[in-house]
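Colleague: From the sequence below, what's the structure:
(2 chains, ligands or ions: 3)
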Amino acid sequence: METAENYLVKGDPLLEIKDLKVSFKTDEGIIPAVDGVNISLKRGHTLGLVGESGSGKSVSTWAVLQLLPKSAIIHKGSSIKFHCKDGESVELTDFKSKSREIRNIRGGEISLIFQEPMSSFSPVYTVGNQIMEAVRAHRDVSKEEAEGIAIDMLSRVGIPNPKRRFKQYPFELSGGMRQRAMISVALSSNPSLLIADEPTTALDVTIQAQVLNLMKELQEELGMAIIFITHNLGVIAQIADEIAVMYLGGIVEQGTRHDIFHNPKHPYTMNLLRAIPRLGKTDGGRLVAIEGQIPSPMERPSGCCFHTRCSEYMPDRCNVNIPQITQISPEHTVRCFLYES
Amino acid sequence: MAKFMLQRFIGMMVTMLFVSILVFIIMELPPGDYADRYVFRKYAGSGMQITESDLRNIRHELGLDKPAYVRYSKWIYGIVTRFDFGPSFAFETSANVVIGQRIWLTMAILFSTLILTYTISIPIGIYAAVRRHSIVDYSLTVFSYLGLALPNFLLALIMLYISVNVFGASVGGLFSPEFEEASWSFAKFVDLLKHLIVPAVVLAWSATALQLQTIRATMLDELNKLSVTAARARGVSEWKLLLKYPARLALNPVAGSIGFDINRIFSELPIIALVLGLPELGELLIRSFIDLDMFVAGAILLMLTFLVVVLNFVSDILLAILDPRIKLQGG
Ligand SMILES: Nc1ncnc2c1ncn2[C@@H]1O[C@H](COP(=O)(O)OP(=O)(O)OP(=O)(O)O)[C@@H](O)[C@H]1O
Ligand code: SF4
Ligand SMILES: [Mg+2]
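Modeller: Ligands and ions are numbered 1, 2, ... in the order given. Purely as a prediction, here's the structure:
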């Protein structure tokens, strides 16, 4: 972390995902989970990834770290390019899931925190043990040094009495504390990208706000980029610079926070905005239902895959052809026939 | 942890107290008492006339006219202070002498069976889960079915045949005659292992089959846990990860079932001992019941339950060490 900052400039390209396609081999056949995702993220920026359950948010990000199960296939032609701290850029899809190269990336360059703070720690080791493990996976330090770093990390994420917490087991911590501890694991090797997969969904509303603020503070301090995954556009408004809206494995609209909140184009984005839980009537941060059923991934609708639920649906067009990406402005793109000339 | 251990220790002591009372009641169950049997053994066929008052004298001499709790206390007192389990009528010596070597043979068989079971089932179970659908995995399934379906005594006979005819090993007892009196040496140790291998393999067979399945299933379960993916996501290498998380958790059910395994070994041992002609405790227990040699029976019952209870205690402690949730929440 000492030398890197000299030439790592905020706003430089960091992650470029091109035409990412992932399918799963199952007993029922091949399930397409992610279908042609394009994302580009700049150093120090925050991307919000929104979409209903099953839209492929987790699968896309797990693919970045090669963490998908054996049954997953990343299609040929998919590209995930990442710019490392040492200035080199690597193609992550070239790395085998057990290779040393990808292990150096995991935690060292890109960290992932998970939706469930309860089960992302192993119950049979102390919190400290698991933070030290993360430290020692990337730095050649002694046990004592690693312990010092771990305790320092715990206090940085706002955990009171870090020396005591260090020795405790995960189940002795509250949900909010555990998610803070998970953030300290993720940031312990100073990654340049933090992927937070619905880090606040399992927490209650006030704790959610605290964890969000913490992430913003840490971002200012450490300068990492963040991909923030959520169901809830309301949460993302507080943290994201850019937003990508996903539906059934594809990105349907992408733009700056301003574009998405003040100039939404895709009918699905508009639905999501209408569904933002208002103050005082949240249901735990989950989306208020959007009309219609999410189609099963086995039966992808033809044409525009949102046509089964779309209020602007145009027969003989939306259900027949696939809409192409339309550029609204240099940063703002949408996939919908309403904007195709 | 200290508190947890103390609790379990007290629990163990209480269990032993109840067991000893139960054993004492069993010893008192057969019709007639010690004096009747003593007289019968000593004077039957000698033509001597035994009167009621002779019997009364013998009863008094042996303390049999005292109430049951006094006799129980005396019996326990002898065991605890002098390790004296009382007399044996059938062999006209003390129960200690009769039991003598047999307790060591029983324990040697017990421990070698347990060690064999765990050294085979733990690494192979883990390997099979990690290399799912591999040849090892499939052969394991086949072996498990065999292991569970094949009756023990049949296996014992097969093993007996193989070891005598193929390896020329003598079976029965702990040592070959030439080592019986010899002092400890490597050759004597090898001789001991040669004698233990057949009963241990027979007794470990089905337990291994069962444990393999348990370990494999737990491993598969643990491998898919989010905490494992989380560790992988922080850059931990694959083999380190496997050993630290799923493999360690797969040991929990093993530690938890040690007591169960011991019970099973003790209940199967007499039959195997009969087939293999091993002078171990279970077989002596059955004989002592037939002979109404109740002090010997009582001593064996006490020793076996003591072993079971102590090893259960060990298993509890192991489990608590392996899984911190137990001592912190339940304890
Ligand atoms: N191991 C798997 N085997 C088969 N299909 C899978 C597997 N993991 C994910 N999928 C499928 O991939 C699709 C995308 O799942 P993903 O977990 O990325 O959704 P998500 O957007 O993260 O949803 P959520 O908000 O519920 O976390 C879903 O249709 C899901 O059924
Ligand atoms: S392409 Fe048609 S169905 Fe799809 S979102 Fe646009 S209007 Fe709706
Ligand atoms: Mg998800």
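
Colleague: B:Ile215 and B:Gly125 touch, don't they?
Modeller: Yes. Between B:Ile215 and B:Gly125 a contact is recorded at 3.0 Å, counting by C-beta atoms under 8 Å. All C-beta atoms are positioned from the backbone trio N, CA, C, and that covers glycine.

Colleague: Please identify every residue contacting each of these two.
Modeller: Applying C-beta atoms under 8 Å, 6 or more residues apart in numbering or on different chains, one finds that B:Ile215 and B:Gly125 are jointly contacted by B:Ala250.

Colleague: Any regions of chain B where pLDDT drops low?
Modeller: B:32-34, B:37, B:41-42, B:44-47, B:167-173, B:327-331 (pLDDT under 70).

Colleague: what's the longest helix in it?
Modeller: helix B:186-223 (DSSP state H).

Colleague: just how off-centre is it within its chain?
Modeller: 14 Å (C-alpha atoms, centre = their mean, to the nearest Å).

Colleague: Then stretch A:230-237?
Modeller: 12 Å.

Colleague: Give me the mean pLDDT for that stretch.
Modeller: Mean pLDDT, stretch A:230-237: 84.

Colleague: Using PDB, write out the CA atom coordinates for it.
Modeller: Taking Å, rounded to 0.1, in the frame of the first residue of the first chain, the C-alpha atoms of stretch A:230-237 are listed here in PDB:
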ATOM      1  CA  THR A 230     -28.400  -4.600  -3.800                       C
ATOM      2  CA  HIS A 231     -32.100  -5.100  -4.500                       C
ATOM      3  CA  ASN A 232     -32.700  -1.700  -3.200                       C
ATOM      4  CA  LEU A 233     -32.200   1.400  -5.300                       C
ATOM      5  CA  GLY A 234     -32.700   3.500  -2.200                       C
ATOM      6  CA  VAL A 235     -29.500   2.100  -0.600                       C
ATOM      7  CA  ILE A 236     -27.500   2.700  -3.800                       C
ATOM      8  CA  ALA A 237     -28.500   6.400  -4.000                       C
END
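
Colleague: buried stuff in that stretch?
Modeller: A:230-236 (16 or more other C-beta atoms under 10 Å in any protein chain shown).

Colleague: which residues of the stretch 101-250 of chain B fall in helices?
Modeller: Here the stretch 101-250 of chain B has its helices, by DSSP state H, counting those that start in this stretch, at B:135-149, B:152-165, B:177-180, B:186-223, B:226-233, B:238-242, B:248-256.

Colleague: Kindly report the same for the stretch 151-300 of chain A.
Modeller: With DSSP H, counting those that start in this stretch as the criterion, the stretch 151-300 of chain A has helices at A:162-166, A:175-187, A:205-222, A:233-237, A:257-262, A:267-274.

Colleague: and these, which is most packed in?
Modeller: By mean neighbour count, with neighbours taken as mean count of other C-beta atoms under 10 Å in any protein chain shown, helix A:175-187 ranks first of the helices of the stretch 151-300 of chain A at a mean of 25.

Colleague: what's that one packed up against?
Modeller: Secondary-structure packing of helix A:175-187 (3 or more C-beta pairs under 8 Å, 6 or more residues apart in numbering or on different chains; DSSP states H and E): strand A:110-113, helix A:127-138, helix A:143-156, helix A:205-222.

Colleague: possible to save these as TSV with distance to chain B and mean pLDDT?
Modeller: Formatted as TSV, the helices and strands packed on helix A:175-187 follow (distance: least, C-beta to the nearest C-beta, whole Å; pLDDT from 0 to 100):
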stretch	distance to chain B	mean pLDDT
strand A:110-113	4	94
helix A:127-138	4	94
helix A:143-156	12	93
helix A:205-222	16	86
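
Colleague: Nearest to B:Leu241, out of these?
Modeller: Proximity to B:Leu241 (C-beta to C-beta) singles out helix A:127-138 among those, at 9.4 Å.

Colleague: How far away from the center of its chain is that closest one?
Modeller: The mean C-alpha position of helix A:127-138 is separated from the chain mean by 22 Å, C-alpha atoms, centre = their mean.

Colleague: got it, and stretch A:184-204?
Modeller: With C-alpha atoms, centre = their mean, you get 9 Å for stretch A:184-204.

Colleague: what's the first-to-last distance across it?
Modeller: Terminal residues of stretch A:184-204 are spaced 20 Å apart (C-alpha to C-alpha, to the nearest Å).

Colleague: Could I get the buried residue list for it?
Modeller: So for stretch A:184-204, counting by 16+ other C-beta under 10 Å, buried means A:184-203.

Colleague: same deal with stretch A:127-144?
Modeller: A:127-138.

Colleague: for stretch B:105-112, same thing?
Modeller: Residues B:105-106, B:108-112 are the ones in stretch B:105-112 that count as buried (16+ other C-beta under 10 Å).

Colleague: Could you single out the nearest of those to chain A?
Modeller: Taking C-beta to the nearest C-beta as the measure, chain A lies nearest B:Phe111 of the buried residues of stretch B:105-112, at 27.2 Å.

Colleague: near ligand 2 at all, stretch A:329-341?
Modeller: Yes. Judged by C-beta under 6 Å from any ligand atom, stretch A:329-341 comes into contact with ligand 2 at A:336-338.

Colleague: Now do the contacts for the residue of the stretch 101-250 of chain B found nearest ligand 1.
Modeller: Closest residue of the stretch 101-250 of chain B to ligand 1, C-beta to the nearest ligand atom: B:Asn224 (9.3 Å). For B:Asn224, the contact set (C-beta under 8 Å, 6+ apart) is empty.

Colleague: Pull the number of nearby residues for the residue in the stretch 151-300 of chain A positioned nearest to ligand 1.
Modeller: Of all residues in the stretch 151-300 of chain A, A:Pro297 sits closest to ligand 1, with a separation of 3.8 Å (C-beta to the nearest ligand atom). By other C-beta atoms under 10 Å in any protein chain shown, 18 other residues sit near A:Pro297.

Colleague: Check B:Asp293 too.
Modeller: Look at B:Asp293: counted by other C-beta under 10 Å, it has 24 neighbours.

Colleague: Isn't it up against B:Phe89?
Modeller: Yes. Between B:Asp293 and B:Phe89 a contact is recorded at 5.3 Å, counting by C-beta under 8 Å.

Colleague: one step back: among the helices of the stretch 101-250 of chain B, which is the most enclosed?
Modeller: Counting by mean count of other C-beta under 10 Å, helix B:226-233 has the highest mean neighbour count of those, with a mean of 22.
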